[in-house]
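Trainee: starting from these lines, generate the structure:
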Amino acid sequence: MNLSLNEAEDLAQGIIHFIKETSSPTSCYFIAPPFPFLDRLQTLILSQKSSLLLVAQDVSAHEKGAFTGEVSALHLKEFGVKGVLIGHSERRHYHQEKTNLLQQKTSQCLSNDLIPILCLGENLQTRETLNTISFVLNQLQEMCLPFQENIKSLPSPSLLPPLMIAYEPLWAIGTGHVPSLDEIREVHKNLKNALKSLFPNHNIPLLYGGSVTDKNIFDILKLSDVDGALIGGASLSLKTFLPLLKETRR
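Mentor: Numbers count the residues shown, from 1 in each chain. Predicted structure coming up:
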């Protein structure tokens, strides 16, 4: 819930310019603005003929009906949205979103050809008691198992994946504290192996998120099981985001 509309347009324009100048067929860029900005930013993206894609920050668990304040997957599709963040730590924490609700939201995305970007991660206590791997693998199973057969039946490969996973250690989000490269490598290796078992016909992208900056993005993306990054605070200004993006093209 940041930036004005004009600021969001300036930010998107800067990202679009970067993509045009450094285009790579293997790279894919998404932005996740607040709901009210989706239409204007999609208009900007289309006018610039950019490959930049829109992601929504949330979606309703319901298809339609008397759910005041909710935004449905069908609504999002009308604005050109390609994916939705599901289970972000702030939604889990501030809105007490539990597994059943997240599964319903994921189902709405899959039923409407939107990519669910499923967020998971452990808190500091779980990390300190050495239970990180079992915790995140359990989260992954809870969020993916109900959709295993549906996704396995989809044709592969396709231009965009049927879903994405974002590992965000809660204790690293916005704190400046980042797991060591070995810690990130260990979690991603275990999650990748689990994803290959769940969805053997698909290459499910696995992103890392949590205090990612231009100082650490290059080393994080070099890790073999890290397919991309979910950027938070550093993405809110071109002053901090463009140096980060340039590091990904190094």
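Trainee: might you list the low-confidence residue ranges for this structure?
Mentor: Residues of the chain that meet the criterion pLDDT under 70 lie in 157.
Trainee: could you pull out the strands for it?
Mentor: Here the chain has its strands, by DSSP state E, at 30-31, 53-56, 81-86, 115-120, 164-167, 206-209, 228-230.
Trainee: the most far-flung residue of the chain relative to its centre: what's it in contact with?
Mentor: Among the C-alpha atoms of the chain, the one most distant from their mean position (Cα atoms, centre = their mean) is that of Ala66, at 28.4 Å. When the contact criterion is Cβ atoms under 8 Å, 6 or more residues apart in numbering, Ala66 has no partners at all. All C-beta atoms are positioned from the backbone trio N, CA, C, and that covers glycine.
Trainee: how close does it sit to Lys189?
Mentor: 46 Å (Cβ to Cβ, to the nearest Å).
Trainee: equivalent analysis for Asp39, please.
Mentor: Using Cβ to Cβ, one gets 40 Å for the distance from Asp39 to Lys189.
Trainee: re the thing from before, make CSV out of the strands of the chain and add mean neighbour count and distance to Glu9.
Mentor: Supplementary listing: these in CSV, determined by neighbours: other Cβ atoms under 10 Å; distance: least, Cβ to Cβ, whole Å:
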stretch, mean neighbour count, distance to Glu9
strand 30-31, 18, 11
strand 53-56, 21, 13
strand 81-86, 23, 17
strand 115-120, 25, 23
strand 164-167, 25, 25
strand 206-209, 22, 24
strand 228-230, 21, 22
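Trainee: ok, what's across the strand from the residue nearest to Leu76 when sequence neighbours are not counted?
Mentor: Take Leu76 and drop its neighbours on the chain: the residue closest to it by Cβ to Cβ, 6 or more residues apart in numbering is Ala56, 5.1 Å away. Listed by DSSP bridges, the beta-bridge partners for Ala56 are Val84.
Trainee: and the gap between Glu7 and Phe37?
Mentor: Between Glu7 and Phe37 the distance, using Cβ to Cβ, works out to 10 Å.
Trainee: please apply the same query to Gly83.
Mentor: If you measure Gly83 against Phe37 using Cβ to Cβ, the figure is 16 Å.
Trainee: then His202?
Mentor: Here the distance between His202 and Phe37 works out to 31 Å (Cβ to Cβ).
Trainee: now do Phe147
Mentor: Between Phe147 and Phe37 the distance is 29 Å, computed by Cβ to Cβ.
Trainee: try Pro179
Mentor: With distances taken as Cβ to Cβ, Pro179 is found 32 Å from Phe37.
Trainee: same check, this time on Val84
Mentor: The span separating Val84 from Phe37 equals 15 Å under the rule Cβ to Cβ.
Trainee: and if you look at Glu186?
Mentor: Glu186 is 37 Å from Phe37, by Cβ to Cβ.
Trainee: those two: which is more packed in?
Mentor: Phe37 (20 against 15; other Cβ atoms under 10 Å).
Trainee: contact partners for that one?
Mentor: By Cβ under 8 Å, 6+ apart, the residues touching Phe37 are Leu5, Ala8.
Trainee: ok, the one 4 residues further on next?
Mentor: Residues touching Leu41, when contacts are defined by Cβ under 8 Å, 6+ apart, comprise Ala8, Glu9, Ala12, Ile31, Pro33, Leu54.
Trainee: I'd like those residues as TSV, with distance to Gln103 appended.
Mentor: Converted to TSV, the contacts of Leu41 look like this (distance: Cβ to Cβ, whole Å):
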residue	distance to Gln103
Ala8	31
Glu9	35
Ala12	31
Ile31	26
Pro33	25
Leu54	23
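Trainee: since that was my last question, I'll sign off now.
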